[in-house]
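Trainee: Okay, sequence plus prediction incoming.
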Amino acid sequence: MRVTVDQSRCQGHALCAMHAPDLFDLDDEGHSFVIADPVPGGLDEAAYTAEAGCPEEAITVDPRRPVHAEQARS
Amino acid sequence: MSAETESGAPVFCAAHMLDSWDENHPQAAFTELATTEAPVRPDGMLVVATRQELTEFLRHPAVRATDGVHFNLGGKRPLIPLDLDGDTHRRYRGLLDPLFTPKRVAWLEPAIRARTNALIDAFADAGSTELMASLCGPLPTYLFIELLGLPATDLPVFLEFKEAVVRPVGATEEEQQANMRTAGDRMYDYLTAVLTQRRAEPPRDDLIGGFLTTELDGERLTDQEIVDICYLLVIAGLDTVTSSLSCLLAWFAEHPDERHHAVADPGLLPRVIEELMRFESPVPLGHRWVTEDIDIRGRRFPAGAKVEVLWAAANADPSAFDDPLTVDFARPHNAHVGFAAGPHRCLGSNLARLELRLAIEEFHRRIPDYAITAGERVVYTNYGVRAAIRLPVTFPVTRG
């Protein structure tokens, strides 16, 4: 599973980082970025919660998006 | 309540004209608007009230903060960054956003706890207090003055100004605008004098000190720019947190079971605050201007239109929030817009959250049991900002 933040939409509400701190952090301007890609096991629900809880609809979860072999190993 | 518009008195908000409007519990009226197809005010202003329409409307590049003539809250010039758009707006947000991230505001925690406790000390032994005057009103103003680096003795200057701008006096909109401008002029003069003085002193490590030394695209900010930024921060930092804190404490006072739940599990408090910010929506609305004909979800917004964007209605929209009139601390998805949304989303939301959390933590640590004083009631205002302007509470006094 992959989760992404559309930087053109993120306005820094920070709800994702508050509710799913293992998946998102905030940069120096307060905008969200993903810190766990692909989504580690056990955090699927947190990813969906963040997606549904983003006021700007900036977060997308894709359960089928292929993970490159290199990233899957890391 | 249609008489209000027929008399020529100012229309403040589409919800205030509904039969379902209730000053104490306005949420049902906001839900009614959120479930009305393409709502329009009696004076013709288009209203955005559903959660989904709001997101798409605010994302459209033709939706602007001002028309370049009318500025928010009595300002003579555009407020930075609220009255700016596009690249200019992005430049200023790039300067200001870093100053208000969760990490950058965390250093204020000891000051917030100390100031909260100092205010509680003044009434803890009395067994009763009026929380707007004793805590909600002064706390954010003290903290904001501290953040800016201004003397605490200037507190009355700020309290008077924010009252004049947020709840303007006047029988007509013109009178209200004139009174707001007078208060605005006084604040501009005050801030200009402060900057003149600060430039003559050694640099200090507070927000004004930061503005005096920071550079935007390689150039220092002018006094005019700093005054414009401070003017907005004064308004944004004072009344909004005061109002939010009063709404939250009033809600807790009237919901003892839920309060006990929140006190017993302090880790729950951030979620509790988000849910109450959704439900109470202390800043109920904003205005936007449309620069060209646009269609949002099949609805036409014509060029030149001024639009009322109702955060409070979007937060009570049943298509976005199950059972929106119920406060649910365990609400799984809470994409609320209590801090607004889009490019002009609240700059200080993380500071506001910190102040609210710490103030409520400290208050509940010292006074976990309280209720509205017998024979009295909470008095709310919903004009400008929703606040419990009279919040009389009684509590058992614990000695030692």
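Mentor: Now that the structure is in, tell me what you want to look at.
Trainee: What parts of chain A come near chain B?
Mentor: A:9, A:11-15, A:17-19, A:26, A:28-31, A:49, A:52-57 (Cβ under 8 Å from any Cβ of the partner chain). The way it works is simple: take the backbone N, C-alpha and C, and place the C-beta from them, glycine included.
Trainee: how deep is B:Ala34 tucked in, by neighbour count?
Mentor: 27 (other Cβ atoms under 10 Å in any protein chain shown).
Trainee: so who does the closest residue to it other than its chain neighbours touch?
Mentor: Of all residues not flanking B:Ala34 in the chain, B:Asp317 sits nearest, at 3.8 Å (Cβ to Cβ, 6 or more residues apart in numbering or on different chains). Going by Cβ atoms under 8 Å, 6 or more residues apart in numbering or on different chains, B:Asp317 touches B:31, B:34-35, B:49-51, B:324.
Trainee: List just the nearest of those to A:Val61.
Mentor: A:Val61 lies nearest to B:Arg51 out of those, by Cβ to Cβ, at 19.6 Å.
Trainee: At which residues are the strands of chain A located?
Mentor: Using DSSP state E, the strands of chain A run over A:2-5, A:24-26, A:32-34, A:59-62.
Trainee: okay, those in CSV with distance to B:Asn24, mean neighbour count and mean pLDDT next?
Mentor: CSV is the format used below for those (distance: least, Cβ to Cβ, whole Å; neighbours: other Cβ atoms under 10 Å in any protein chain shown; pLDDT from 0 to 100):
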stretch, distance to B:Asn24, mean neighbour count, mean pLDDT
strand A:2-5, 39, 20, 96
strand A:24-26, 37, 20, 96
strand A:32-34, 36, 20, 96
strand A:59-62, 36, 18, 95
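Trainee: any residues touching the top helix by length along chain A, and which ones?
Mentor: The longest helix of chain A (DSSP state H) is helix A:44-53. Helix A:44-53 is contacted by residues A:1, A:3, A:15-16, A:19-20, A:22-24, A:39, A:59-61, A:63, B:332-335 when judged by Cβ under 8 Å, 6+ apart.
Trainee: can I get the CA coordinates of it in CSV?
Mentor: Coordinates of each C-alpha in helix A:44-53 appear next as CSV, following Å, rounded to 0.1, in the frame of the first residue of the first chain:
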residue,chain,number,x,y,z
ASP,A,44,-3.3,0.5,6.8
GLU,A,45,-6.2,1.8,8.9
ALA,A,46,-4.2,4.9,9.9
ALA,A,47,-3.6,5.7,6.3
TYR,A,48,-7.2,5.4,5.4
THR,A,49,-8.2,7.6,8.4
ALA,A,50,-5.7,10.2,7.3
GLU,A,51,-7.0,10.1,3.7
ALA,A,52,-10.7,10.6,4.8
GLY,A,53,-9.7,13.1,7.5
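Trainee: Name the SS class of B:Asp295, please.
Mentor: Per DSSP: H, G, I helix; E, B strand; the rest coil, the local secondary structure of B:Asp295 is strand.
Trainee: so what's the backbone phi/psi at the residue lying closest to it once chain neighbours are set aside?
Mentor: Leaving aside its sequence neighbours, B:Asp295 sits nearest to B:Phe301 (Cβ to Cβ, 6+ apart; 7.5 Å). B:Phe301 adopts backbone torsions of phi -120, psi 110, taken as degrees, to the nearest 10.
Trainee: same deal with the one 3 residues further on?
Mentor: Taking degrees, to the nearest 10, you get phi 90, psi -10 for the backbone angles of B:Gly304.
Trainee: tell me the contacts of the residue lying closest to it once chain neighbours are set aside?
Mentor: Computed as Cβ to Cβ, 6+ apart, the closest residue to B:Gly304 that is not its neighbour in sequence is B:Val290, at 6.9 Å. Shown in contact with B:Val290 (Cβ under 8 Å, 6+ apart): B:62-64, B:301-305, B:307.
Trainee: please redo it, this time with the cut-off set to 7 Å
Mentor: By Cβ atoms under 7 Å, 6 or more residues apart in numbering or on different chains, the contact list for B:Val290 reads B:62-63, B:301-305, B:307.
Trainee: Out of these, who's the most crowded?
Mentor: Ranking the contacts of B:Val290 using other Cβ under 10 Å puts B:Val63 first, with 24 neighbours.
Trainee: surely it meets B:Gly286?
Mentor: No. Here B:Val63 does not reach B:Gly286: they are 11.1 Å apart, not a contact under Cβ atoms under 7 Å.
Trainee: Can you say which of the contacts of helix A:44-53 are buried?
Mentor: Buried by 16 or more other Cβ atoms under 10 Å in any protein chain shown: A:1, A:3, A:15-16, A:19-20, A:23-24, A:39, A:59, A:61, B:333-335, out of the contacts of helix A:44-53.
Trainee: Those in helices, which ones?
Mentor: Short answer: these in helices (DSSP H) are A:15-16, A:19.
Trainee: Distance to B:Arg93 added to those, as TSV?
Mentor: Output for these, formatted as TSV (distance: Cβ to Cβ, whole Å):
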residue	distance to B:Arg93
A:Leu15	19
A:Cys16	19
A:His19	24
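Trainee: Phi, psi for whichever residue of the stretch 201-350 of chain B sits closest to chain A please.
Mentor: Per Cβ to the nearest Cβ, B:His333 is where the stretch 201-350 of chain B lies closest to chain A, at 3.7 Å. When read as degrees, to the nearest 10, the backbone of B:His333 gives phi -120, psi 120.
Trainee: Tell me who's in contact with it.
Mentor: B:His333 touches A:49, A:52-53, counting by Cβ under 7 Å, 6+ apart.
Trainee: Buried subset of those as a PyMOL selection?
Mentor: Those of those that count as buried under 16+ other Cβ under 10 Å are selected in PyMOL with:
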select buried, chain A and resi 49+53
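Trainee: what's the closest of the contacts of B:His333 to B:Asp295?
Mentor: A:Ala52 (26.4 Å).
Trainee: Show me the shaky parts of the chain.
Mentor: By default, I'm working from chain A. Applying pLDDT under 70 to chain A flags the ranges A:65-74.
Trainee: um, chain B though
Mentor: B:1-11, B:70, B:72-76, B:399-400.
Trainee: would you list every one of the strands in it?
Mentor: For chain B, the strands defined by DSSP E occupy B:46-48, B:63-64, B:128-130, B:215-216, B:219-220, B:285-290, B:294-296, B:299-301, B:306-310, B:371-372, B:379-381, B:387-390, B:392-394.
Trainee: Just name whatever secondary elements the fifth one is in contact with.
Mentor: Of the remaining helices and strands, none touches strand B:219-220 by 3 or more Cβ pairs under 7 Å, 6 or more residues apart in numbering or on different chains; DSSP states H and E.
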